[in-house]
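Visitor: predicted model, plus sequence, below.
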Amino acid sequence: MMVQNPDIVIVGAGAAGIGAGLGLTRLGVSHVILEAKQRVGGRAYSDTSSLGHLWDHGAHWLHSGDVNVMRFMAEKLNHKFRPENPAVTSFRSFIGGQWKVSEFATDYVWTKLEDIAQAGCNGSDVAAESILDRGHAMYPLLRHWCQLIYSKDPSELSTGDAGNYSDSHINLPVEDGYGALVARLSRGLPIRLGVTVKAIEVAGGGVRLETGSGTITAKACILAVPSRMMEKQRIAITPGLPAAVQQAFADVTMGYGEKVALGFDRKVFEGFEIPFADVFDPVAPETRPLNFELHPFGRPIAVAHVGGSVAKELAKAGPETMKGFAIETLVKAFGADIRQRIVASATTGWTMDEHIGGAYSGAAPGKAEARAVFSEPVHERIFLAGEHVHRHYMATVHGAYETGLDAAHKAAAALGFSVGQKDPLWLPT
């Protein structure tokens, strides 16, 4: 039964909001989760209808899988993911009209990506572009991978923020869907879908939330929405966000990321034992590279990834332009006949989604430490959660989940509840 006068209101039913809900459930603190969309999961969403095969619109890897709390949750729920395969040390690319196999350890693009993070680890907090060679023939592909990993162009990417990210380099794709996993974790939580929060007022020792479905009051609020919602002031805060928090949202903004998924009448990429490929023509600098997942988990589909300014531009141009770009690029590597094999297509829409507005957060050059402000309560009653809040697992589902759990404990403690140690793997029986 839905609580009418909860101790705590959680805004957002993505991984952070669900983490907060599970934390409060374990502590016995009454709460309700308000979600503007008609589904849970936020930027983790598994689609099973558009292609007839499962594919994730958003998150699809268990990053740092050896320490990722969501990996252990998946094991607990028998939710299938691909276990670590240390033998995968190379990848395939179609470059300049021919296929080649490259080793991650020696490839130009991947060594330069490591240089960006290493610069941050060494104390540098500058634009990643300033340490890269824009004149190098492979720079467009390097820029493409910066856009995919960080959702921002190298000119907007802080080396310090990249260096702060904790990466064990063990990345495990989720066969049963990352969005589906997050949705499973939400089962039994008091979630109201389709409720848009418009304003939050802190007054009289509590909070008052104005929503599209009426007013709700509580003693505290956990604000677990994408950072763009706060950057664009989609939720009004009274008596106003502190200046330091406003500045942090201006310094740590969301980038952009989209996918194009294509379904085929049969498997068309036989012989690709490595299911990932870059397609790039360095002879034509204006040609945009593209990375594809080919037949993930044996499914007859391909998923193309774009990020940063390219994703933003394509998203604004619309789904048909996105699909055309992906198909034309695929034809370059596999020939025109592959068009005849396409039986379904779909695109993501994160950039234009009024409740999301982008991919994930990245600090501007020189602002790598700005995230620290997000960990502090706002007006002693509002607690922030989300991937943008985490200082070392930013841009990840498990990072968001951990901040939700942290916010739950902070909010409960502030209200006088006994909290004790967190249990990130706790699930209700």
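Guide: Structure's in. What do you need?
Visitor: what sits up against stretch 65-76?
Guide: With contact meaning Cβ atoms under 8 Å, 6 or more residues apart in numbering, stretch 65-76 is reached by 15, 62, 79-81, 84, 168, 170-172, 174, 176, 178, 181-182, 185, 396-398, 401-402, 424-425, 427. In short, each C-beta sits where N, CA and C put it, glycine included.
Visitor: filter those down to the buried ones.
Guide: Buried by 16 or more other Cβ atoms under 10 Å: 15, 62, 79, 81, 170-172, 174, 176, 178, 181-182, 185, 396-398, 401-402, 424, out of these.
Visitor: among these, which are in strands?
Guide: Members of these lying in strands (criterion: DSSP state E): 62, 172.
Visitor: mind listing the strands for the stretch 1-150 of the chain?
Guide: 8-11, 31-35, 46-47, 55-56, 61-62, 90-95, 98-103 (DSSP state E, counting those that start in this stretch).
Visitor: can I get those in TSV including mean pLDDT?
Guide: Below are the strands of the stretch 1-150 of the chain laid out as TSV (pLDDT from 0 to 100):
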stretch	mean pLDDT
strand 8-11	98
strand 31-35	98
strand 46-47	98
strand 55-56	98
strand 61-62	96
strand 90-95	88
strand 98-103	90
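Visitor: out of those, indicate the one that is most buried.
Guide: Greatest average neighbour count among the strands of the stretch 1-150 of the chain goes to strand 8-11 (a mean of 29), per mean count of other Cβ atoms under 10 Å.
Visitor: and the closest residue to residue 179 other than its chain neighbours, what does it touch?
Guide: Closest residue in space to residue 179, ignoring its immediate chain neighbours: residue 46 at 3.6 Å, by Cβ to Cβ, 6 or more residues apart in numbering. The neighbourhood of residue 46, defined by Cβ under 8 Å, 6+ apart, consists of 54, 55, 56, 57, 176, 177, 178, 179, 180, 183.
Visitor: endpoint to endpoint, stretch 248-262 covers what distance?
Guide: 38 Å (Cα to Cα, to the nearest Å).
Visitor: buried stuff in it?
Guide: Of the residues in stretch 248-262, 248-249, 251-262 count as buried by neighbour count, 16+ other Cβ under 10 Å.
Visitor: and it, what's its mean pLDDT?
Guide: The average pLDDT within stretch 248-262 is 98.
Visitor: now swap in stretch 220-229 and tell me
Guide: For stretch 220-229, mean pLDDT is 98.
Visitor: extract the CA atoms of that stretch and return them as CSV.
Guide: Taking Å, rounded to 0.1, in the frame of the first residue of the first chain, the C-alpha atoms of stretch 220-229 are listed here in CSV:
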residue,chain,number,x,y,z
ALA,A,220,13.1,15.1,3.8
CYS,A,221,13.6,14.5,0.1
ILE,A,222,16.2,12.5,-1.9
LEU,A,223,16.6,14.1,-5.3
ALA,A,224,17.7,11.4,-7.7
VAL,A,225,17.1,12.9,-11.1
PRO,A,226,19.5,13.4,-14.0
SER,A,227,21.7,16.4,-13.5
ARG,A,228,20.4,18.1,-16.6
MET,A,229,17.1,18.5,-14.8
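Visitor: grab the nearest non-local neighbour of residue 105.
Guide: Once flanking residues are discounted, residue 105 sits nearest to residue 89: 6.8 Å by Cβ to Cβ, 6+ apart.
Visitor: for stretch 38-51, the distance to its chain's centre please.
Guide: Chain-centre distance of stretch 38-51: 13 Å, with Cα atoms, centre = their mean, to the nearest Å.
Visitor: now stretch 211-231
Guide: Using Cα atoms, centre = their mean, the offset of stretch 211-231 from its chain centre is 20 Å.
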